[in-house]
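[1] have a look; sequence and predicted model below, questions after that.
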Amino acid sequence: MTDENGRIRGMNDEAPPGHDPYTAYDEFDLPTYVGLPSFQKLPWVTDAAALAERRPDVAIVGAPFDDAVSHRPGARFGPRAIRQASYHSGAINSLQLGVEPYEWLDVVDAGDAPVVPMDIERGHDVIKRKVAEVAAAGAIPIVLGGDHSITFPSASAVAEAVAPRGLGIVHFDAHADAAPSTWGNLRSHGTPMRRLIESGAVAGANFVQVGLRGYWPGPATLEWMREHQMRWHLMTEIEERGAEAVVRDAIAEALDGPEVIYVSVDIDVIDPGMAPGTGTPEPGGMLTRELLRAVRQVVGAVELAGMDIVEVAPPFDHAEVTAAAAHRCVLEALSALAARRREAGASPIASGAAVSETSGGG
Ligand code: MN
Ligand code: MN
């Protein structure tokens, strides 16, 4: 990933020698606060035909939708906040995993699903279509929410794309989100996991939840979850056994049958002291560093088919700390995917291809 001057593109540890300052840096190399905030300044490839032609390894998708929240709204602003919660331009180097993700993966920003407010069914339909377009192009969708109701259309699209292979789900959350309805609404952010199991997208036994705590749901919903063989790991279990052991079990349970995994991260699994920008904060949660490690652990151990990171509500955030945690969840997933690819003996992607296409403003 070096340019004609031997600079490592995007790292910006040195200036390009002898260039006109007006044209010295292209879009990819400019600071994140300059220009349009695609995720990591990656190429903005929103068109289905262009995605199908390029066939990226991973595509970031925005789902700016929060019409299905039960309490504080604001997650519709999540995708934009997560995209801009980075002080890095495109090229990155994971110190945790010792890998440069974009050397191994072609990653694009596929833009947002064309959501409009006040119509839950329509919002879910366009999110499902957008995720399906990305999956049909051979890319792993990483979806930025949005409230957690978007996991119903998003994971449904992924389940359809990987069929006949079975899909397991590892779901990080303070909440089970498996209620029958919320005040009669089937598509709320408290119900998506139930919809996914009822629709047959995922078997209950392969739906594994990590981090549950607090005072919801009630006994009837827990009984329904038991009847459908859902498995969950309370926050108290993480306190007692440590996150790594719990996540190891969760991976095995989700893969007990299925071959591929969808990861759903509700940012409220993190303690609200570290991630206050969310709609239904639940005290007593994971540390940010525990969640980031867990994302590396899961993505490093499974075949990832899709992922979402939801419930970032910027109006309640402070100092962008919640958006930054969500942004880092995505980077940890990309890094783990890249490390897996390297360990599987793959070759790095064509030297500088991703960068030079970005540089072209594509
Ligand atoms: Mn949730
Ligand atoms: Mn939650």
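    Yes, it's here. Residues are numbered from 1 along each chain as shown. Ligands and ions are numbered 1, 2, ... in the order given.
[2] and I60, what is it in contact with?
    For I60, the contacting residues are S38, F39, L42, R83, V107, V108, D109, A110, I142, L144, V330, by C-beta atoms under 8 Å, 6 or more residues apart in numbering. C-beta: built from backbone N, CA, C; applies to glycine.
[3] and of these, the nearest to ligand 1?
    Distance to ligand 1 across these (C-beta to the ion) is lowest for L144, with 14.5 Å.
[4] any idea how far ligand 2 is from the nearest residue to the closest one once chain neighbours are set aside?
    Among residues not flanking L144 along the chain, P79 sits closest, at 4.1 Å (C-beta to C-beta, 6 or more residues apart in numbering). P79 sits 18 Å away from ligand 2, taking C-beta to the ion, to the nearest Å as the criterion.
[5] next one: A243
    Computed as C-beta to the ion, the A243 to ligand 2 distance reads 17 Å.
[6] so who does that residue touch?
    Shown in contact with A243 (C-beta under 8 Å, 6+ apart): M286, E290, R293, A294.
[7] just checking, the first one touches R213?
    No. Taking C-beta atoms under 8 Å as the definition, M286 is not a contact partner of R213, at 9.7 Å.
[8] so which of these two has more stuff around it?
    Between M286 and R213, counted using other C-beta atoms under 10 Å, M286 has the larger neighbour count: 25 against 21.
[9] run a quick neighbour tally on I169.
    Count around I169 with other C-beta under 10 Å applied: 28.
[10] next, L304: phi, psi?
    phi -80, psi 130 (degrees, to the nearest 10).
[11] do the same with D308
    The phi/psi pair for D308 (degrees, to the nearest 10) is phi -140, psi 160.
[12] check which helix or strand covers the nearest residue to it once chain neighbours are set aside.
    Ranked by C-beta to C-beta, 6+ apart and with sequence neighbours excluded, the top spatial neighbour of D308 is V143, at 4.0 Å. Element membership for V143 (DSSP states H and E) is strand 140-145.
[13] re the thing from before, give me every residue that touches the residue nearest to D308.
    V61, G62, A63, I127, V131, I150, S154, G306, M307, D308, I309, V310.
[14] which among those gets closest to E100?
    Distance to E100 across those (C-beta to C-beta) is lowest for M307, with 20.0 Å.
[15] tell me what the closest one is bridged to.
    The bridge-partner assignment for M307, based on DSSP bridges, gives I142, V263.
[16] now, the contacts of I60 that are in helices?
    If you go by DSSP state H, these have R83, V330 in helices.
[17] of the contacts of I60, which is the nearest to E240?
    Comparing these against E240 with C-beta to C-beta places V330 closest, at 29.3 Å.
[18] is it true that G300 lies in a helix?
    Yes. Counting by DSSP: H, G, I helix; E, B strand; the rest coil, G300 is part of a helix.
[19] so the residue nearest to it when sequence neighbours are not counted versus ligand 2, what's the distance?
    Nearest non-adjacent residue to G300, counting by C-beta to C-beta, 6+ apart: A336, 4.2 Å away. Distance, A336 to ligand 2, using C-beta to the ion: 23 Å.
[20] need phi/psi at A336.
    As for A336, its main-chain torsions (degrees, to the nearest 10) stand at phi -70, psi -40.
[21] now swap in the one 5 residues further on and tell me
    With angles defined as degrees, to the nearest 10, R341 sits at phi -60, psi -40.
[22] can you tell me which residues contact it?
    With contact taken as C-beta under 8 Å, 6+ apart, R341 is in contact with W104, L105.
[23] dump stretch 125-137 to PDB, restricted to CA.
    Output of stretch 125-137 as PDB, limited to C-alpha atoms (Å, rounded to 0.1, in the frame of the first residue of the first chain):
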ATOM      1  CA  ASP A 125     -38.300  -3.600   3.800                       C
ATOM      2  CA  VAL A 126     -35.700  -1.200   2.500                       C
ATOM      3  CA  ILE A 127     -33.200  -2.300   5.100                       C
ATOM      4  CA  LYS A 128     -33.700  -5.900   4.100                       C
ATOM      5  CA  ARG A 129     -33.300  -5.100   0.400                       C
ATOM      6  CA  LYS A 130     -30.200  -3.100   1.000                       C
ATOM      7  CA  VAL A 131     -28.600  -5.900   3.100                       C
ATOM      8  CA  ALA A 132     -29.700  -8.500   0.500                       C
ATOM      9  CA  GLU A 133     -28.000  -6.400  -2.300                       C
ATOM     10  CA  VAL A 134     -24.800  -6.400  -0.400                       C
ATOM     11  CA  ALA A 135     -24.900 -10.100   0.400                       C
ATOM     12  CA  ALA A 136     -25.800 -10.900  -3.300                       C
ATOM     13  CA  ALA A 137     -22.600  -9.100  -4.300                       C
END
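[24] for it, which residues meet the burial criterion?
    V126, I127, K128, K130, V131, A132, E133, V134, A135, A137 (16 or more other C-beta atoms under 10 Å).
[25] could you check the pLDDT of the closest residue to ligand 1 within the stretch 51-200 of the chain?
    As assessed by C-beta to the ion, ligand 1 sits closest to H148 within the stretch 51-200 of the chain, at 3.5 Å. Per-residue pLDDT puts H148 at 98.
[26] so where's this structure shaky on pLDDT?
    Across the chain, the ranges flagged by pLDDT under 70 are 1-10, 90, 350-362.
[27] so which residue is dead centre in it?
    Residue closest to the average C-alpha location in the chain (C-alpha atoms, centre = their mean): D308, at 3.4 Å.
[28] can you pull the contacts of that residue?
    D308 makes contact with 63, 142-146, 150-151, 154-155, 262-265, according to C-beta under 8 Å, 6+ apart.
[29] closest one of those residues to I349?
    For those, the nearest to I349 is I142 (17.5 Å; C-beta to C-beta).
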